[in-house]
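Enquirer: could you look at this predicted model? Sequence included:
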2 protein chains.
Amino acid sequence: MSRFYSKKDLIFQLFENQNVLNLTALPNFSDHSEDTFKLILDAAEQIATNSLYPIFREMDRQEPQLIDGLIRIHPGMKSIIQKFGQDGWVNAIFPYDEGGQQLPWTIHMAAGFIFQAANYSASVFPFLTTGAANLIRTFGSEQLKENYLPKMYSGNWQGTMALTEPDAGSSLSDLSTTAFPTDQPGVFKIRGQKIYISAGDHDACENIIHLMLARISGAPSGTKGISLFVVPKIRLDGKPNDVLTQGIYHKMGYKGAPIAHLMMGSQDDCEGYLVGEENLGLKYMFQMMNEARLGVGMNAVAIATAAFHASLTYAKERPQGRKANEKDLQKPQIPIIEHADVKRMLLVQKCITEGSLALLIYCGILSDKIAQESDKELKLKQETLLDFLTPIAKSYPSEMGVISTSHAVQVLGGAGYTTDFPVEQYFRESRIHPIHEGTTGIHGLDLLGRKVWMEDGLGWKLWLNEIQEGIGEAKRWSELIDLSTSFEKQLTTFIEASGQMFEKRKLGAEILLADASLFLEACGIVSIAWMWVKQAITAQEKLQNGTQETHFYLGKIEAFRYFISYELPKLTGIIQRFYASDFPTLTMEKEWF
Amino acid sequence: MSRFYSKKDLIFQLFENQNVLNLTALPNFSDHSEDTFKLILDAAEQIATNSLYPIFREMDRQEPQLIDGLIRIHPGMKSIIQKFGQDGWVNAIFPYDEGGQQLPWTIHMAAGFIFQAANYSASVFPFLTTGAANLIRTFGSEQLKENYLPKMYSGNWQGTMALTEPDAGSSLSDLSTTAFPTDQPGVFKIRGQKIYISAGDHDACENIIHLMLARISGAPSGTKGISLFVVPKIRLDGKPNDVLTQGIYHKMGYKGAPIAHLMMGSQDDCEGYLVGEENLGLKYMFQMMNEARLGVGMNAVAIATAAFHASLTYAKERPQGRKANEKDLQKPQIPIIEHADVKRMLLVQKCITEGSLALLIYCGILSDKIAQESDKELKLKQETLLDFLTPIAKSYPSEMGVISTSHAVQVLGGAGYTTDFPVEQYFRESRIHPIHEGTTGIHGLDLLGRKVWMEDGLGWKLWLNEIQEGIGEAKRWSELIDLSTSFEKQLTTFIEASGQMFEKRKLGAEILLADASLFLEACGIVSIAWMWVKQAITAQEKLQNGTQETHFYLGKIEAFRYFISYELPKLTGIIQRFYASDFPTLTMEKEWF
């Protein structure tokens, strides 16, 4: 049994709770089967267990260092990155004719979940290269593909996504890195700075290929004037490009992955190669963004999952105290998992992690279907639903991942605060996710400011339909009728309150969006409750049909009960704000703090 | 202006919101005045600013190390500890005839708040010595006082509290360190281990004086057989006592303070000197426990306050993005404090930190009054109320301190995750407080299992009376009537639900206590709402009477509005559990996870 995740649960989520095998009916996935999917997961577990997990804590303690302009990372990463390349993980989701395995993104993401749970920092390197390569293969010229993809796929070259600048973080439209045309078509001279670039420089690969956003000199301001470039650290002729590693960021966690501050063109000799058309860079980037954001959600779940299992193991082994009604001190102490409050802290973690994993797999399957959907109307529906779910599936796991890992620390008590156990590291690592790929605040604005209104509210309606359908199905089980009826009632209250919230649009964007983060939070809770309805139905079916693993399925039903009784009621507090007509976050003046 | 706290707010809390000067009417404090109190706070700020804050981050990066059996701490601590001693901070609260300044504990705690906000780790050393010395002076023999107190007061010797053992953490009654009588009366040979001993060994003092719990050989099991001993690292004759520093704990935060694993009697030569009577050790310890627990609450507030002010400063300076309704990208970016969601994250922090500070000062004043109260009935009332409030005033700031510092990190975004800014350190440091001096789970059991029922529910009743009185007063102000009426309504719902919760006592301790942590959480929210009512009334009075500082007081009213509109409604979700008749934390079997 693995120490950092439950294989049983991952298999449950993919094959029982959501039938991922349906994807094999799609033309591009027709070669795949339950066997090939499970082989992939086994292979991932093997790498995770044998290579990633053993250096997980070492990578935290031996942080990357910038020495003589080059970032040195943990020496173990070189063979790991090579193995990821050689075993085909970088291009696994790409088509056969591009050397890939046409693997559904969902299965690739599930394998990624195993890597991330074992060692989040290490998992980031190949993931970034896949993302960068995907931009080149989707939007780049044949020449760019030929020049860059093979060595990225093989793990020799690292890919990055270079967006953020000192003055352009959440406000990407303000970016000022500039590309100056040269005599050669498609070749530009880049000048500017990029900060917070993950894997932006390191010594485990021969080259670093930045997929960089910049504004072509004279292009319009704002998002409409941003173009995408390939900016290699070393040019094809072996000459260094003018990309300096200006600095390295030291961080609270996620320390194994180097985050660089890059300076381009200080010698006026940084070449960048235009990807696709001018001024479409942000559009290209955003076509990858949904998957990147779901990827962050998955990272958050993976870390919280590892923390959950570490605290679960400890709680089963650590004796301390006696039952509340046991007065005889001669009796031996009991394992702390027997205490109600410890069980509560474990149930919270189970609910957050397994509920979020279900949501991300749901989104993954939707994304895989969209890519091959020929029916226009159906495709629009699927896309709109996925667009709606993306900020939720990024933010709930990220925000609640911090809470979940905090519970893991608490289960261990004093031991959890020390570096003798891994939970404190999980807690530190989880804290990045509400920040990167769009902060929670930004996703709140995205959801309530855009996604709710897209296609005349189609996403919102489809989402509610799906949930109501799930509840309806659950109500057919006598064992689930009470809990699903309770969910239904709470959902109705939420829908009514949301209607009030939507009315505020008439009062302008400021007022509508003042509580956007709360709306996002509420949608997160509802979405996870929905995922628990789905899991409870599946578990009930299994129990009904007879299974060897009653414990596992009874645990699912009990966790469903926990979520409906403890987590879902948090809605009631949040939705009071939907009716509010006072706005302290608008009326509070900055001088009053 | 200080970077790590608001002096204006501390003065407001002490002198305006709660009239700390009333304490000078008590005989022991009659020499004190507004001037002497403010001088103390000024002196504290000076040490904090000049000595503590400058090495706050260094102490995190240069962790204590155990080398050749001795823990080496940051070299700057030696002069700081000496200064604390020389300036009279260790014994400030003790009587004149013992060399102290008869300072109210409230003022001492307020000065401690400044130290803790500047550098939590550094503040711990003198605080521990005060606690240990207080045990000796209250319960020890004249000989012990003479032998140990002077050098502890002067800062030459460090005091510690040595309770926890490998098998006795939350379950102190299981402790097994043993004291064997010798020929000399009061002198014992100690054998056993202690873990997690703060300042348990270091090189900045000449000696370490452990106030250690142990069981005299043959004493009863459980809490009734525990005695208290003075166990010095070096004996009075200069000979080392048999106390080995077996290990040092490396931790997520709070790194500047060394936490030791101690081994006593491995050469059968560890002398311990009995404090007071045999088998009363835990009782002695618990007489200090209220203040120690309030102290932890204050530590948590202080760290969260420093994080709040760091994020507030950043939010005022960092330009990013534009208002939701601003489309013109030619306009300059605005400071992020102008965004509603950033203001929300600052208001949360303001509410948590200033509300908690008010609660701790309230408890401090109560504690100071109790010590000099001659009216038996009144004293009983005050004691019972303080006993009731203590788990709340320890746990709310501790739990919410983690949330508050997490918001501070989020305000800074990516920058907040880096070590370039102090907020990530505050986040790591805050995480210890829900754990030490009794975990939140333990305090939940204490509140719902004991404190609610003490003196026939007197604490519960007094607490509610105080709150209702506050609401009644607020309702007299037209500016506060809506918010205080809203509070009143929510309070009524909470009281009704609590009545239901109390009914569960008939069903046995397990069922009553299954949701004790939720009850504690709810009482925390209600208590802080009450503190905001008090602050709002004071602010309204000031505004009414005319003041130069309208901004400050308007901010208090707006924060009150925020708390009632955003934080208090969380009650609604929690109290649904008070009515619940299903108990997933009891029915979930450990095998089902």
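Expert: Structure's in. What do you need?
Enquirer: any idea how far residue A:533 is from chain B?
Expert: For residue A:533, the distance to chain B (Cβ to the nearest Cβ, to the nearest Å) stands at 16 Å. No exception for glycine: its C-beta is placed from N, CA and C like everyone else's.
Enquirer: tell me the contacts of the closest residue to chain B within the stretch 51-200 of chain A?
Expert: Proximity of the stretch 51-200 of chain A to chain B (Cβ to the nearest Cβ) peaks at residue A:171, 4.1 Å away. Residue A:171 makes contact with B:320-322, B:333 under the criterion Cβ atoms under 8 Å, 6 or more residues apart in numbering or on different chains.
Enquirer: strands - which of those residues land there?
Expert: Applying DSSP state E to those, no entry is found in strands.
Enquirer: most neighbours, which of these?
Expert: Neighbour counts for the contacts of residue A:171 peak at residue B:321, which has 22 neighbours (criterion: other Cβ atoms under 10 Å in any protein chain shown).
Enquirer: what does the stretch 151-300 of chain A put close to chain B?
Expert: A:164, A:167, A:169-171, A:173-174, A:195-196, A:221-222, A:249-254 (Cβ under 8 Å from any Cβ of the partner chain).
Enquirer: filter those residues down to just the buried residues.
Expert: Neighbour counting with 16 or more other Cβ atoms under 10 Å in any protein chain shown marks A:164, A:169-171, A:173-174, A:195-196, A:222, A:249-254 as buried within those.
Enquirer: name the nearest of the contacts of residue A:171 relative to chain A.
Expert: residue B:321 (4.1 Å).
Enquirer: who are the contact partners of the closest one?
Expert: Counted by Cβ under 8 Å, 6+ apart, residue B:321 has contacts A:170-171, B:333-334, B:336, B:339.
Enquirer: if we use 6 Å, what do you get?
Expert: Residue B:321 makes contacts with A:170-171, B:333, as judged by Cβ atoms under 6 Å, 6 or more residues apart in numbering or on different chains.
Enquirer: looking at those, which are in helices?
Expert: The members of the contacts of residue B:321 all map outside helices under DSSP state H.
Enquirer: and which of those residues is nearest to residue B:209?
Expert: residue A:170 (52.8 Å; Cβ to Cβ).
Enquirer: okay but the closest one is in contact with residue A:441, surely?
Expert: No. Under the criterion of Cβ atoms under 6 Å, residue A:170 makes no contact with residue A:441, lying 7.8 Å away.
Enquirer: anything in contact with each of the two?
Expert: Here residue A:170 and residue A:441 share no contacting residue, scored by Cβ under 6 Å, 6+ apart.
Enquirer: quick check: closest non-adjacent residue to residue A:315.
Expert: The spatially closest residue to residue A:315, leaving aside those adjacent along the chain, is residue A:337, at 4.0 Å (Cβ to Cβ, 6 or more residues apart in numbering or on different chains).
Enquirer: run a quick neighbour tally on that neighbour.
Expert: Around residue A:337 there are 23 residues (other Cβ under 10 Å).
Enquirer: mind checking pLDDT for it?
Expert: Note on residue A:337: pLDDT of 97.
Enquirer: check residue A:291 too.
Expert: 89.
Enquirer: mind telling me what element it is part of?
Expert: Assessed by DSSP states H and E, residue A:291 sits inside helix A:281-317.
Enquirer: pLDDT check: weakest of the contacts of residue B:321?
Expert: Ranking the contacts of residue B:321 by pLDDT, residue A:170 lands last with 87.
Enquirer: just to revisit the earlier point, surely the residue nearest to residue A:315 is within a helix?
Expert: Yes. According to DSSP: H, G, I helix; E, B strand; the rest coil, residue A:337 belongs to a helix.
Enquirer: so it is in contact with residue A:314, correct?
Expert: No. Counting by Cβ under 6 Å, residue A:314 is not a contact partner of residue A:337; they are 8.9 Å apart.
Enquirer: let me know how buried residue A:373 is, in neighbour terms.
Expert: Other residues within reach of residue A:373, judged by other Cβ under 10 Å, total 17.
Enquirer: now swap in residue A:234 and tell me
Expert: A count of neighbours around residue A:234, defined by other Cβ under 10 Å, yields 15.
Enquirer: how is chain A divided into domains?
Expert: Residue ranges for the domains of chain A, per automatic domain parsing: A:7-157, A:158-279, A:439-586.
Enquirer: tell me which of the ones you listed lies nearest to residue B:274.
Expert: Using Cβ to Cβ, the nearest of those to residue B:274 is domain A:7-157, at 43.6 Å.
Enquirer: flag every residue of the stretch 401-550 of chain A that's near chain B.
Expert: A:413-414, A:417-419, A:424, A:432, A:435, A:439, A:441, A:509-510, A:513-514, A:517 (Cβ under 6 Å from any Cβ of the partner chain).
Enquirer: what helix or strand does residue A:228 sit in?
Expert: strand A:226-232.
Enquirer: low-confidence ranges in the stretch 351-500 of chain A?
Expert: Within the stretch 351-500 of chain A, no stretch has pLDDT under 70.
Enquirer: for residue A:314, which non-adjacent residue is closest in space?
Expert: Among residues not flanking residue A:314 along the chain, residue A:412 sits closest, at 5.3 Å (Cβ to Cβ, 6+ apart).
Enquirer: quick one on the thing from earlier: quick one: which of the residues of the stretch 401-550 of chain A next to chain B sit in helices?
Expert: A:414, A:417, A:424, A:441, A:509-510, A:513, A:517.
Enquirer: and the furthest pair within those?
Expert: Longest span within those, Cβ to Cβ: A:414 and A:509, 48.0 Å.
Enquirer: what about the closest residue to residue A:568 other than its chain neighbours, which SS state?
Expert: Nearest residue to residue A:568 in three dimensions, chain neighbours excluded: residue A:529, at 5.0 Å (Cβ to Cβ, 6+ apart). What three-state DSSP gives for residue A:529 is helix.
Enquirer: cool, thanks, talk later.
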